[in-house]
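Visitor: any chance you could fold what I've pasted below:
(chains A and B, ligands or ions: 1)
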Amino acid sequence: MSAGTLYDKVWEQHRVAELPGGSTQLFIGLHLIHEVTSPQAFAALRDLGLGVRHPERTVATVDHIVPTTSQARPFADSLAEQMLTTLERNCGEHGIPLHGLGSGRQGIVHVIAPELGLTQPGMTVACGDSHTSTHGAFGAIAFGIGTSQVRDVLASQSLSMNKLNVRRIWVDGQLQSGVYAKDLVLHIIRSLGVKGGVGFAYEFAGPAIDGFSMEERMTLCNMAIEGGARCGYVNPDATTFAYLQGRPFAPPAGLAWERAVAWWSSLSSGADAVFDDEVRFDAAQIAPTVTWGITPGQGIAVDEAVPTPDQLHADERPIAEEAYRYMDLRPGMPIVGLPVDVCFIGSCTNGRLSDLRAAAAVARGRQVAAGIRAFVVPGSEQVARAAEAEGLDQLFRAAGFEWREPGCSMCLAMNPDRLEGREISASSSNRNFKGRQGSASGRTLLMSPAMVAAAAVSGHVADVRKLLETPASRSLSPNPEAVLSAACPP
Amino acid sequence: MTSPSFPFGPVRSVAGTAVALNGDDIDTDRIIPARFLKCVTFEGLGEQVFADDRSERAGAHPLDRPEHRGARILLVNRNFGCGSSREHAPQALMRWGIRAVVGESFAEIFFGNCLALGIPCLQGSHDQIRALQALVEAQPATVFRLEVDTAGLHSDGGAAWPLELGPGPSQMLRSGQWDATGQLVAHDQELRDTAERLPYLNGFASA
Ligand code: SF4
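Guide: You can find the predicted model right below:
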């Protein structure tokens, strides 16, 4: 068993009791709720005659169902409207703060909690959403839960949990230009597999991670769950503290702040920490990565070809066969040049300011290719306002992208943004499951926001490194890559 | 669809016919597509389980075949229930009629969500599961009895498959304490003590 890791220390601090079945009752320091997984939990609470134990440690927002075109109430979709009013009523009844539409603080739950300073090192964070792993970027132990567990946390501010093993993922070196945290995590999942992390918490460490911004760390931890790890985390450091300082819910400057930093620092995995497993990667070796299949583990470097069955482990072949059919891709064909229909920049993986900036750097001075539906959905109202202050909305609009209101949008099909029929999307989100983006036959290629922008202006999957090398004005004239791609059969 | 009553109290065994769903990495988006999550109760999800897979196969999906009507045990392969944490997935399976899942492996959140509903998920080896799936496809009327205590699956033909279920979940199911709320709430003083000890809940006054 691991020892002396941040995971072990935070676990110990939050341990309430041992339960008869052998699991541990763990205190939850921050409970985030949204409109999709909470209504049935509140209903169950009511049936049990219980109240919310710590409403002040519970925070709500609305993200999954909100339309991103007009957020005027009531919503056109009466079911969505009902979900929102149910959340409003539940929060009102129990005294839970709700950062609703137009509050200036609304957004995807995994974007707003960090930016408000709610998520802090050393906390346990739970939310009825699997991408809660995002909050591990701060050195929190954060995991997704189901609705019965949402009920448990509401009732007791605690959960029945079993301790995970800890795998350290050490990343040496530095990412090359045009390669982002998203590429790193897609590469890790590709290497370790979508089931590789089952039973593990992932500790991301090493020089590459030390050099990452908080937003990059969030992208990385966000997708730990796609590798099967229920939580992923990064030890808190000066980058973490600098990010938190001055945020609305962070400890105030002065003695409280100093004590907080001291406590946070004491939680990091020590030099003598024992891990259950350790793997290493070299950031410099990683290329822009794109998924070609129907699981986040089916990724390849942008300059690679769709793998042939004989390049795959026997275990991976059945799902690869299913993916060839569903995606309509031939083994051995290059991924560059594959035409796309829709380009989506957003989600809790890549809907933050740095993501929009990276995409904007590619879109600047270029035009979305004819026939492509491209849109940018900021992760929160704060991200939207900050991007607008920099003129990113204008830049994207001028390039032919739509600029939308914050929400989960086309990451999943619970709002009006969705794929139609067999459409294929280049998406900065986190799941390429069959039907994920709202059409039962719709197809998703996961990639970094900069790669999505590159696909949007090229009309097909393109290597963003080439676009970053070429001045934008040149690529406005006939695009040599487009000519090249015409020769590549779809 | 004739569902028996939902699990309540101790879950010691599950009896009934089985239905096999072949394939690894079947995610919760496939079990219940996101558009059906637009609801404030779980009622009605039973009709929508695997909606897209079923419409794609126009009546030929195992869950639509008459011989599997009323099946109580679901046979799956590796990493079943990966992806989204939505409890709507086990809820939909339960409301369709499933009372136990037997597979090669399960995604953690899915396993926990099932446990919280009183639905045991038991693990078997690749060969065991393939053999079981083949048996159920060839002889869909086979009636099984799954014993939580011994983690054994028995067919009415006298065959038996030793499966795996961790001691914690097994004990929780047998004692009827699979629904954790009561236990958690009971530790009132321990909860207070923990909250008092955590620096961030006390303004870092004494860290
Ligand atoms: S953006 Fe996507 S993955 Fe993130 S919370 Fe919303 S729906 Fe879930």
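Visitor: give me the longest helix you can find in chain A.
Guide: helix A:78-94 (DSSP state H).
Visitor: state the mean pLDDT of that one.
Guide: Helix A:78-94 shows an average pLDDT of 96 in the prediction.
Visitor: for the residue nearest in space to the middle of chain B, which non-adjacent residue is spatially closest?
Guide: Geometric centre of chain B, nearest residue: residue B:114, 4.0 Å, by C-alpha atoms, centre = their mean. Residue nearest to residue B:114 in three dimensions, not counting chain neighbours: residue B:90, with 4.7 Å by C-beta to C-beta, 6 or more residues apart in numbering or on different chains. The way it works is simple: take the backbone N, C-alpha and C, and place the C-beta from them, glycine included.
Visitor: now do the same contact list for the residue of the stretch 301-450 of chain A found nearest chain B.
Guide: Scanning the stretch 301-450 of chain A for proximity to chain B using C-beta to the nearest C-beta identifies residue A:440 as nearest, at 4.0 Å. Residue A:440 makes contacts with A:434, B:33, B:52, B:55-56, as judged by C-beta atoms under 8 Å, 6 or more residues apart in numbering or on different chains.
Visitor: one more: residue B:62?
Guide: B:19-21, B:68.
Visitor: may I see the buried residues of the longest helix seen in chain B?
Guide: Secondary structure of chain B read by DSSP H shows that its longest helix is helix B:126-138. For helix B:126-138, burial by neighbour count (16 or more other C-beta atoms under 10 Å in any protein chain shown) applies to B:128-130, B:132-133, B:135-137.
Visitor: which one of those residues is nearest residue A:122?
Guide: Residue A:122 lies nearest to residue B:129 out of the buried residues of helix B:126-138, by C-beta to C-beta, at 41.4 Å.
Visitor: and that closest one, what is it in contact with?
Guide: So residue B:129 contacts B:75-77, B:102-104 (C-beta under 8 Å, 6+ apart).
Visitor: which SS class is residue A:170?
Guide: Secondary structure, DSSP: H, G, I helix; E, B strand; the rest coil: residue A:170 is strand.
Visitor: contacting residues for it?
Guide: Applying C-beta under 8 Å, 6+ apart, the residues near residue A:170 are A:205-206, A:278-281.
Visitor: quickly note the distance from residue B:136 to residue A:390.
Guide: Residue B:136 sits 59 Å away from residue A:390 when distances are taken as C-beta to C-beta, to the nearest Å.
Visitor: name the element the closest residue to the ligand within chain B belongs to?
Guide: Residue nearest to the ligand within chain B: residue B:84 (7.3 Å; C-beta to the nearest ligand atom). Here residue B:84 is covered by no helix or strand, with elements defined by DSSP states H and E.
Visitor: pretty sure it sits against residue B:30.
Guide: No. Between residue B:84 and residue B:30 there is no contact under C-beta atoms under 8 Å: 10.3 Å.
Visitor: show me what contacts the spatially most central residue of chain A?
Guide: The centroid of chain A falls nearest to residue A:349 when counting by C-alpha atoms, centre = their mean (2.4 Å). When contacts are counted by C-beta under 8 Å, 6+ apart, residue A:349 touches A:131, A:182, A:219, A:222-223, A:428-430.
Visitor: mind checking which of these are in strands?
Guide: Using DSSP state E, no member of the contacts of residue A:349 falls within strands.
Visitor: list the beta-bridge partners for residue A:161.
Guide: Note on residue A:161: beta-bridge partners by DSSP bridges are residue A:24.
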